[in-house]
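[1] Structure of the sequence below:
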Amino acid sequence: MFRIVTTAALLVLAGPALAQDDWQHAQSGITIPGAIGGMRRSEPRDLSGGAGYDVMIQFGTDQEPATLYIYRSAYPNPALWFERTRLAMNTNVGSGGAEAVPRSFTLRSGTAPNGMREEIELPAGGPFRTTAVALAQLDEWIVKVRVTSSGLDRAGISARMDTLLDALRLPAARAAPHPLQLPALCTDDVSLSGVPASGDRDAVLAGAMATGMTEFAEARGFGGLAAEPDAWCRETTGLPSRLGSAYRRRDGSAWVALVGDSGMAVSGRGLAPAGQGAATFASTARSTRVAEVYDDLPDLMTALNAAAPVLIGRSPGLVEISVGDTQPRE
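    Numbers count the residues shown, from 1 in each chain. Reported below is the predicted structural model:
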């Protein structure tokens, strides 16, 4: 589920005539110039089948490729998603030997820090010398920029990233950015052993649908993990880091696993009133869906296995909580 842009992909994208004019992402209102710092952009590629929820744009050359994504993210907080992006970079360009040391920044019209960025020296002997990544939040949208170079040093690629970021035109955010803070590590152990609900599954599913409205809102950044890091802690067991990053609500009522690096997540939540079972949810750019219902909160891998077909579109899940038709920005 990681995003990997290869040289071959760059050649394919570079084939059509490059855009000359500014282009605006209608759903978020973000405007991308036709050329930035001598680099012309490709035509936008919609990875969500025309819905505008996940768009990729290429700049640069094979020796200095630059990729920009605008996508509607579950739990839209760059501090949370930076690690997931870094793991994809480790696979893509071999940045695993360098320790991650991102720093916060403010993208364009923001009034407070709304992003994380880093420049990395790559191991000698590879095709590239440096790489850089920046993630920023605009409401429920994430802007991600990646630049890789065969010739630039860290200072040079930082300047190249500055040029790209400074050229983006963003509308005013509707809400203040989320705190760029990771939850602290969990210090207690919790045993999760829920199994699929039996008996009156319809009653449990009805509870999941009602609770799912809260889950949908939190997945879009209205409260929950993205907005309230102090109410959560970071789990270091139960889920391999290559698959996701896991967080547990301190009161034990819910957990969230960020999956891949493109804004998808699986979550588990106890149903209200207490003792009425639990449900797992799969959140993508399009929607939040009930993946399965349980007698109690299941362990992370059990839930992830149940939710994976929903995340990749091979299963519709048990019910769709909501499809977010994001209104165009003025």
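
[2] doesn't Ala279 fall inside a strand?
    Yes: assessed with DSSP: H, G, I helix; E, B strand; the rest coil, Ala279 lies in a strand.

[3] how many other residues sit next to the closest residue in space to it that isn't next to it in sequence?
    Closest residue in space to Ala279, ignoring its immediate chain neighbours: Ala208 at 3.7 Å, by Cβ to Cβ, 6 or more residues apart in numbering. All C-beta spots, glycine's among them, are computed from the backbone N, C-alpha and C. Ala208 has 28 neighbours, counted by other Cβ atoms under 10 Å.

[4] Spell out the secondary structure type for Ala208.
    helix.

[5] which ones are touching it?
    Leu271, Gly277, Ala279, Val290, Val293, Leu318, Val319 (Cβ atoms under 8 Å, 6 or more residues apart in numbering).

[6] Most neighbours among those, which one is it?
    Within the contacts of Ala208, Ala279 tops the neighbour count with 30 neighbours, counted by other Cβ under 10 Å.

[7] Next secondary structure after the helix or strand containing Ala132?
    Using DSSP states H and E, Ala132 maps to strand 130-138. Using DSSP H and E, the helix or strand that follows strand 130-138 in sequence is strand 141-149.

[8] circling back: now the contacts of Ala208 as CSV including secondary structure and distance to Arg249?
    Output for the contacts of Ala208, formatted as CSV (DSSP: H, G, I helix; E, B strand; the rest coil; distance: Cβ to Cβ, whole Å):
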residue, secondary structure, distance to Arg249
Leu271, coil, 14
Gly277, coil, 17
Ala279, strand, 15
Val290, strand, 19
Val293, strand, 19
Leu318, coil, 22
Val319, strand, 23
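
[9] Widest-spaced pair of those residues?
    Based on Cβ to Cβ, the longest span within the contacts of Ala208 runs between Gly277 and Val319 and measures 14.4 Å.

[10] Give me the below-cutoff pLDDT ranges for the stretch 201-330 of the chain.
    The model of the stretch 201-330 of the chain has pLDDT under 70 over residues 274, 322-330.

[11] how about a cut-off of 80?
    Along the stretch 201-330 of the chain, segments meeting pLDDT under 80 span 238, 272-275, 321-330.

[12] where exactly do the helices run in it?
    201-219, 300-311 (DSSP state H, counting those that start in this stretch).

[13] Same check on the stretch 51-200 of the chain?
    Going by DSSP H, counting those that start in this stretch, the stretch 51-200 of the chain shows helices at 78-93, 154-167.

[14] any idea of the mean pLDDT for stretch 25-36?
    Stretch 25-36 carries an average pLDDT of 93.

[15] centroid residue for the chain?
    Gly263 (2.5 Å; Cα atoms, centre = their mean).

[16] If we ignore the residues flanking it in sequence, what's nearest that one?
    That would be Ser73: by Cβ to Cβ, 6+ apart, it lies 3.3 Å from Gly263.

[17] of the helices of the stretch 51-200 of the chain, which approaches Ala136 most closely?
    It's helix 78-93; of those, that one is closest to Ala136 (Cβ to Cβ) at 6.1 Å.

[18] Now do the closest one: which elements does it pack against?
    strand 115-121, strand 130-138, strand 141-149, strand 244-249, strand 254-259 (3 or more Cβ pairs under 8 Å, 6 or more residues apart in numbering; DSSP states H and E).

[19] got these as a markdown table, with mean neighbour count and distance to Gly223 columns?
    Below are those laid out as a markdown table (neighbours: other Cβ atoms under 10 Å; distance: least, Cβ to Cβ, whole Å):
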| stretch | mean neighbour count | distance to Gly223 |
| --- | --- | --- |
| strand 115-121 | 22 | 21 |
| strand 130-138 | 26 | 15 |
| strand 141-149 | 24 | 18 |
| strand 244-249 | 23 | 11 |
| strand 254-259 | 26 | 12 |
